[in-house]
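Student: Show me the folded form of this:
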Amino acid sequence: MNVMRPSITPLEIRKRSFPIRFRGLDRNEVAQYLELVGDDLEELMRTLDDLERENSRLKDEVAHHRQTEAVLKETLLMAQRNAEALRADSEREADRILAEANRQGEKLVQQALEKAAEKEKRIRELRVERKNFHLKLQGMLDMFQQVLNFDKEEEDLDASVSVMRPKRKDGEAV
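Tutor: Numbers count the residues shown, from 1 in each chain. Next up is the predicted model:
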């Protein structure tokens with residue numbers, strides 16, 4: 001700060017002397033007045049020095065605060081960028097995981113459908129086998145029934161024929 005300072009110092013005021021003239025000023029009064037003016041000027045200069053030091057300190061403090069503010073703004077911007085990048089990365093990762101889960105889910109559903117189709121095919125095959133078995137079994141039962149009926153008829157026929165035949169003797173061939 002460029003402050004205009006008086007060109008005269010308090011010491012110069014105090015040491016200044018004036019020539020004496022006829023009917024001149026009272027030397028004591030002038031000396032006292034100069035002393036008061038010197039004291040006031042000295043106090044003003046001291047206050048001015050204090051204010052300049054305080055002003056310099058405050059300017060340094062403001063500069064420090066501005067620097068801190070700039071660092072904080074930069075840090076905040078960096079944190080925001082990092083947060084946005086992290087959020088974007090998280091969203092991409094979530095999308096990837098979701099897509100993978102969907103693919104696996106579709107694959108599992110497809111496998112389940114294929115297994116269900118295989119089971120249904122096997123059930124149809126077993127039903128056909130059971131039907132064929134029943135038909136064969138029924139055919140065999142019918143055949144056994146016919147054999148039994150045939151044997152019964154033969155026995156009945158043999159029984160009715162043996163009543164009409166003469167009895168055999170031991171050792172005779174039929």
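Student: which strands and helices sit next to the helix or strand where residue 115 lies?
Tutor: If you go by DSSP states H and E, residue 115 is part of helix 27-164. Applying 3 or more C-beta pairs under 8 Å, 6 or more residues apart in numbering; DSSP states H and E, one finds that helix 27-164 makes contact with helix 10-15. Where you see a C-beta, it was placed from the backbone N, CA and C, and this is true even at glycine.
Student: and the helix it packs on, average pLDDT?
Tutor: Throughout helix 10-15, pLDDT has a mean value of 78.
Student: Distance of the residue most central in space within the chain relative to residue 101?
Tutor: Compute the mean C-alpha point of the chain, and by C-alpha atoms, centre = their mean the closest residue is residue 90, 4.6 Å away. Using C-beta to C-beta, to the nearest Å, residue 90 is found at 16 Å from residue 101.
Student: Over to residue 117?
Tutor: With distances taken as C-beta to C-beta, residue 117 is found 24 Å from residue 101.
Student: ditto for residue 77
Tutor: To residue 101, residue 77 is 36 Å away according to C-beta to C-beta.
Student: Tell me where the model's unsure across the chain.
Tutor: 1-6, 162-174 (pLDDT under 70).
Student: Repeat the analysis, applying 80 as the threshold.
Tutor: 1-27, 159-174 (pLDDT under 80).
Student: Assign residue 21 to helix, strand or coil.
Tutor: With DSSP: H, G, I helix; E, B strand; the rest coil as the basis, residue 21 sits in coil.
Student: So what's the residue count around it?
Tutor: 7 (other C-beta atoms under 10 Å).
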